[in-house]
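Q: below are the sequence and a predicted model; questions follow.
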Amino acid sequence: MSGWQTLFYKEVLRFWKVSFQTVAAPVLTAVLYMLIFGHVLQDHVKVYDTVSYTAFLVPGLVMMSVLQNAFANSSSSLVQSKIMGSLVFVLLTPLSHWSWFFAYVGSSVARGLAVGLGVFAVTVFFGQPGFAAPAWILVFAVMGAAMLGGLGVIAGLWAEKFDQMAAFQNFIIMPMTFLSGVFYSIHSLPPFWQRVSHLNPFFYMIDGFRYGFFGVSDVSPWLSLAIVASALLAVSGVAVHLLRIGYKIRG
Amino acid sequence: MPAISFQSVSKSYRSARGPALKALDEVSLDIEPGEFFGLLGPNGAGKTTLISILAGLTRATAGRVTVHGHDVQADYAQARRQLGIVPQELVFDPFFNVREALRIQSGYFGVRNNEAWIDELLESLGLADKAGANMRQLSGGMKRRVLVAQALVHKPPVIVLDEPTAGVDVELRQTLWQFIARLNKQGHTVLLTTHYLEEAEALCARIAMLKAGRVVALEHTSELLKAASSNVLRFKIDSALPPEFRDKARVTGRIVQLPAHDAHEIERYLAIIRQAGLRVEDVEIRKADLEDVFLDVMSAGYSGKPAAAQPPAPIDLPPVSDAREEAKLEAPLP
């Protein structure tokens, strides 16, 4: 294995060794959402004419879990090793900022996809969403996870304590994922909130991802692709830059 | 080409109010390949900052550092391949066991099929039976050994140990020094910072002393010891010290140590004690060791050049023949 592959492997091993917490727990949370929202809203919410609410909910929950766990992986690894001091083992190596980026983001994608698969495997019993265009599923899952992995790198470098990390997660990541249309189609919103939702890049990730299952979406998957790709590039640019200058990790 | 070269290295930290704090001020020194070099100084003198700059953990405000000719900033990948750094803090990754930690560290440097060397490191550092133990389960001393093993796992020609024996038991210190001395004999360059001056005296061929970010002494250890050719008067006392001794004396509990340049000074000290009517015990005269030199340098009494040897004037005290041989006056002075 080359240097960056070792760091990638180490990061995957890190979450896999505590997979009860990093994979099983988010799967259970998604099942609880499914049970409660599915039960309460099944007969009240009509999203697309041909799709039951529970089936509609499955891709949304999967993508939400992918995004949140991808973010949690890189951010918690960085902030924890910064606070524990064990980041020094990586800082002393010849690994370049690109190696750091690909290892941390790559392992975030791995965790996001692992949790996403787990959530899908369990929630699919409640409602089958179908696979209208499977390539879109993969594209949006990987790009969304990579973007959140990149955001996790930025947050992990920036945060100096767990409190700041939690703030980033609870005040930015959580609202943006919840308000992205996981539980509803934005067409059910008043026009003003529809316009606000269009400013949220997370909306395009979930909408494009859902298109892969149903072949229908709120906006064109190509538009979603363009916006998600741009957001991914922007986040990656910032993350690589911060790694290159050693933001808050090299004095 | 020096193994490590610090060239006019300065580091200042910006502070919110007041002037910038200068942690290092134009530090220049070269360490030759194969040397066992000691870096000494009190807390806050800048030792760890200097090593952090060498390691690439911190950037110098000015100046340049090279490792075997590779600039630690511009050519960091090559420079870091040459370096094995044992950090001062007792850090560990709680997710892995000892062998995993070593394999991973080896992998970061792109070193493959390293099991034989990992086994040898585990064996040499007394970690063989802990290879499968999680890092969290290890005692402080064991964690320290793993840090040493991690630093050496990619076989670096230059080894840097930042206070590796702080808070470590005697047995580990012995194991560690035997191992490091062996590596040094095999040609590895060793840079050591330590608080144990005895250790530096025994191991390091050359020593630099830092004080407030400046190099205040840079000598072969033997020259440094020669420079402080003075003696030390040591005794135990229960009562308060006479005012004459207050500035000079080094006091550790009951033990008082007074540096003396010649026999006359020792005679004068004894006279003061006698006149004050103090009762002292276990009086010894010994030759100055590195600790005395160190304290001398830190209190700015050191000129930077070995002082001309001054034969002690004859007085009727038992002679001091060796640095370690102590002339004891059995009977307490009146």
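A: Happy to help now that I have it.
Q: quick check, the residue in chain B closest to chain A?
A: Closest contact between chain B and chain A, by Cβ to the nearest Cβ, is at residue B:107 (3.0 Å). Glycine gets a C-beta too; all of them are placed from N, C-alpha and C.
Q: what's the pLDDT at residue 131?
A: Using chain A. Confidence at residue A:131, expressed as pLDDT, is 91.
Q: actually it's chain B I care about, not the one you picked
A: 95.
Q: quick check: the closest residue in space to it that isn't next to it in sequence vs residue B:139, distance?
A: Nearest non-adjacent residue to residue B:131, counting by Cβ to Cβ, 6 or more residues apart in numbering or on different chains: residue B:99, 4.5 Å away. Distance from residue B:99 to residue B:139, counting by Cβ to Cβ, to the nearest Å: 18 Å.
Q: tell me which of the two has more neighbours.
A: Shown here are residue B:99 and residue B:139; by other Cβ atoms under 10 Å in any protein chain shown, residue B:99 has more neighbours (18 against 11).
Q: show me what the helix or strand hosting the more buried one is packed up against.
A: In this assignment (DSSP states H and E), residue B:99 forms part of helix B:98-108. Here helix B:98-108 touches helix A:3-17, helix A:88-91, helix B:115-124, helix B:140-152, going by 3 or more Cβ pairs under 8 Å, 6 or more residues apart in numbering or on different chains; DSSP states H and E.
Q: so who does residue B:14 touch?
A: residue B:20 (Cβ atoms under 8 Å, 6 or more residues apart in numbering or on different chains).
Q: also residue B:236?
A: Residue B:236 touches B:254-256, B:280-282, counting by Cβ under 8 Å, 6+ apart.
Q: could you rerun that using 10 Å?
A: B:253-256, B:279-284, B:332 (Cβ atoms under 10 Å, 6 or more residues apart in numbering or on different chains).
Q: just give me the neighbour total for residue B:29.
A: Residue B:29 has 18 nearby residues by other Cβ under 10 Å.
Q: in the helix or strand harbouring it, what's buried?
A: Per DSSP H and E, residue B:29 falls inside strand B:21-31. For strand B:21-31, a neighbour-count test (16 or more other Cβ atoms under 10 Å in any protein chain shown) marks B:22-25, B:27, B:29, B:31 as buried.
Q: for stretch B:73-87, same thing?
A: Buried residues in stretch B:73-87 (16+ other Cβ under 10 Å): B:76-77, B:79-87.
Q: wait, what's in contact with residue 98?
A: This is for chain A. Going by Cβ under 10 Å, 6+ apart, residue A:98 touches A:4, A:240, A:243-244.
Q: my question was about chain B, not that one.
A: When the contact criterion is Cβ under 10 Å, 6+ apart, the partners of residue B:98 are B:92, B:118, B:122, B:127-135, B:137-138, B:142-143, B:145-146, B:149-150.
Q: and what of residue A:133?
A: Neighbours of residue A:133 in contact, by Cβ under 10 Å, 6+ apart: A:139, A:211-215, A:221.
Q: 6 Å instead?
A: By Cβ atoms under 6 Å, 6 or more residues apart in numbering or on different chains, residue A:133 lies in contact with A:212, A:215.
Q: farthest pair in the contacts of residue B:236?
A: Spatial extent of the contacts of residue B:236 (Cβ to Cβ) is set by the pair B:253 and B:332 at 17.8 Å.
Q: so those two - more neighbours on which side?
A: Legend: neighbour count by other Cβ under 10 Å for residue B:253 and residue B:332, higher for residue B:332 (13 against 6).
Q: and the pLDDT for residue 24?
A: Using chain A here. Reading off the model, residue A:24 has pLDDT 93.
Q: please go with chain B instead
A: In this model, residue B:24 carries a pLDDT of 94.
Q: what distance do you get for it to residue B:11?
A: 4 Å.
Q: now swap in residue B:211 and tell me
A: 15 Å.
Q: between the two, tell me which one has more neighbours.
A: residue B:11 (24 against 20).
Q: is it correct that that one is in contact with residue B:25?
A: No: here residue B:11 lies out of contact with residue B:25, judged by Cβ atoms under 6 Å, at a distance of 8.6 Å.
Q: among the contacts of residue A:98, which one lies nearest to chain B?
A: Out of these, the member with the shortest distance to chain B (by Cβ to the nearest Cβ) is residue A:4, at 8.9 Å.
Q: how many other residues sit next to residue B:60?
A: Neighbours of residue B:60 (other Cβ under 10 Å): 23.
Q: circling back to that earlier point, need the overlap of contacts for residue B:11 and residue B:25.
A: In contact with both residue B:11 and residue B:25: no residue, using Cβ under 6 Å, 6+ apart.
Q: follow-up on the earlier one: same list, the helices and strands packed on helix B:98-108, but as JSON lines with distance to residue B:71 please.
A: What follows is those, written out as JSON lines (distance: least, Cβ to Cβ, whole Å):
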{"stretch": "helix A:3-17", "distance to residue B:71": "20"}
{"stretch": "helix A:88-91", "distance to residue B:71": "17"}
{"stretch": "helix B:115-124", "distance to residue B:71": "28"}
{"stretch": "helix B:140-152", "distance to residue B:71": "21"}
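Q: including mean neighbour count, could these go into CSV?
A: Shown next, in CSV, are the helices and strands packed on helix B:98-108 (neighbours: other Cβ atoms under 10 Å in any protein chain shown):
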stretch, mean neighbour count
helix A:3-17, 20
helix A:88-91, 22
helix B:115-124, 16
helix B:140-152, 22
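Q: closest to residue B:191 out of those?
A: helix B:140-152 (11.8 Å).
Q: what angle separates the closest one from helix B:115-124?
A: Put simply, helix B:140-152 runs at 150 degrees to helix B:115-124, going by axes from the mean of the first three to the mean of the last three Cα atoms, to 10 degrees.
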